[in-house]
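Q: could you work out the structure for the sequence below:
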Amino acid sequence: MKKLTHIYENEQGITCFDQYFDYLNCIKAEMPARLVAFATDRRRYQINGESTLHDAWLKSMSVSKQYAEGAAVISVVQVCLLLATHRTEVILNYSGVVAVSCSFEPDRWPSQPVDLLVHEFSKVEKGMFRHFMQFDRSVWLEVKFTEFSFQEGPGDIVS
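A: Numbering: from 1, shown residues only. Here you go, the predicted model:
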């Protein structure tokens, strides 16, 4: 299973974000503006709250490619999450995607929606970033990308 890099659990089993936010502060000058706005918004990581991704459900994911002269030149991934309130969706748009890895098969049943537990952005190399999302029951999603944007709105912005 993939791992988080800067977010960790302490000896009491509490998820800690202190090192992660320090890390983001160190790399934010290298990040696209929209990525900085989303990744450094602490409300996106809270246990409860209107903007948190915690306990969100994966509603959809799409991968698209644009071609020129027989070669793929742009890869785009769109991830739609239904927030825990079930009233709001967040659409994450990644472009310049070089890799997508995932495991959507829960490690135990019944088959029901899995909750997003924690997510983390990190720098892979100059101009390339990673978003790792850890859901419960060993489900995870990882996207490596160069550009990022997002939309947020009522729970029906993507059908």
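
Q: which positions in the helix or strand that contains residue 23 come out as buried?
A: According to DSSP states H and E, residue 23 maps onto helix 18-27. Neighbour counts over helix 18-27 (16 or more other Cβ atoms under 10 Å) mark 20, 23-24 as buried. To be clear about C-beta, it is placed using only N, CA and C from the backbone, and glycine gets the same treatment.

Q: give the rounded mean pLDDT of stretch 77-90.
A: For stretch 77-90, mean pLDDT rounds to 94.

Q: again but with stretch 95-107, I slipped
A: According to the model, stretch 95-107 has a mean pLDDT of 89.

Q: begin at 29, not 1, for the rest of this chat.
A: Noted, 29 is the first residue going forward, which turns the last one into stretch 123-135.

Q: list the buried residues in it.
A: Buried-residue list, stretch 123-135, by 16+ other Cβ under 10 Å: 123-125, 128, 134.

Q: off-centre distance for that stretch?
A: Computed by Cα atoms, centre = their mean, to the nearest Å, the chain-centroid distance of stretch 123-135 equals 10 Å.

Q: and stretch 54-69, by the same measure?
A: Worked out by Cα atoms, centre = their mean, stretch 54-69 lies 14 Å from the chain centre.

Q: measure the most far-flung residue of the chain relative to its centre to residue 125 for me?
A: Most distant from the centre of the chain: residue 97, at 31.7 Å, with distances by Cα atoms, centre = their mean. The gap separating residue 97 from residue 125 is 20 Å, by Cβ to Cβ, to the nearest Å.

Q: over to residue 74?
A: Taken as Cβ to Cβ, the span from residue 74 to residue 125 is 28 Å.

Q: local confidence estimate at the nearest residue to residue 127 once chain neighbours are set aside?
A: Among residues not flanking residue 127 along the chain, residue 172 sits closest, at 4.3 Å (Cβ to Cβ, 6 or more residues apart in numbering). If you check residue 172, the pLDDT there is 97.

Q: count of neighbours near residue 172?
A: 20 (other Cβ atoms under 10 Å).

Q: with residue 77 instead?
A: Residue 77, neighbours per other Cβ under 10 Å, totals 15.
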